[in-house]
Structure formats: C-alpha cells, structure tokens
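Peer 1: Sequence plus the predicted model coming up.
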Amino acid sequence: MSSKILQVPDKKLRVKCKEIQIINKSVEKEAFDLLEALKEFDRWYFPVNGLAANQIGLNKRIVIFRTWSRQSITMINPEIISSSIIFPSLEICASIPRTLRLKKRKLLTTVQYQDLQGKIKTLKLFWISSFTMQQEIDHLNGKLIID
Ligand SMILES: [Zn+2]
C-alpha cells in the first residue's frame, strides 16, 4: 500500500477541488506526482485506472486516467459533458481499503478536459473506462463510492 495515497476518513478527500486557471510548472509537477502515485497500484489484482489530485492531498482539479491500452492521460479541469444509459458498476477505490461497492453509473460518457499545454480535448468513454471517469470526477467534488 502506498503511503502517498490518502485514506478515508482524511478530510482532504472531502474537499471540492479548485479549478486550475493557469497551467504552470507547479501544476505540471503535481500532475507528475499524481501519475507516479497511480503507478504504485500496478501490482494490484484489481487495476486502479484513475486517480484524482485530492487523493494525494492536492486541492486542484487534476485527474490521471488510464485507457484500455494502458495509456495514462493527464486531465486538467475534467468535466463530463454528456452521459447515458444507467448501468451497474462494482467498484473499488484506492482511498478505501478492502471495500467493494455496487454503484449506478452511466455506461457512456464524454469527458472534456485540458491537457498540460492547455489544449481542450474530448474523450468518449465506454463501460469500465466510463465508470472510472465518473468515480474520479466524484473525487474532485469530494464524493466517495461509500456515499
Ligand atoms: Zn477512488
């Protein structure tokens, strides 16, 4: 278990993270730290495919998201701009040890975000990728799978 990842009931997991106005060197460094923290979960049986900045104590809207092809994407100010089809999702969270929760998620989502160059991008997500994204956006709003 990583020591960097905050665990419940840490209050930092409950903050609504702030939108990033300017992507500067310190944001780049924080995004890198978040990516490194995510990599520490590569040995888990259940893959952890996303991590939100407040899970390492940063009060900013940054998410690292892993695609099906194991590519890690840094998302600044990610936002779900559309979603559809309610679907059950059995979820774990790196911040809540030994816990599985059945959630109602959307099967399809479209997320919009900025990359580290400030360029606006959109990504269409399906199934587990879509569920992961919804959990990460919840994190940025201080919401956890146990809620
Ligand atoms: Zn989580």
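Peer 2: Thanks, I have the structure now.
Peer 1: My read is that Leu108 contacts Ile80, right?
Peer 2: No: assessed by Cβ atoms under 8 Å, Leu108 is found out of contact with Ile80, at 10.4 Å. Quick note: C-beta positions are derived from backbone N, CA and C, even for glycine.
Peer 1: Look up the closest residue to the closest residue to the ion within the chain, ignoring the ones flanking it.
Peer 2: Sorted by distance to the ion under Cβ to the ion, the residues of the chain start with Cys93, at 3.2 Å. Taking Cβ to Cβ, 6 or more residues apart in numbering, and ignoring the residues beside it in sequence, Cys93 has Ile145 as its nearest neighbour in space, at 5.1 Å.
Peer 1: where does the one you found fall, phi/psi-wise?
Peer 2: Dihedral angles phi and psi of Ile145 (degrees, to the nearest 10) take the values phi -60, psi -20.
Peer 1: I figured it hits Glu136, correct?
Peer 2: No: under the criterion of Cβ under 8 Å, Ile145 is not in contact with Glu136, lying 11.2 Å apart.
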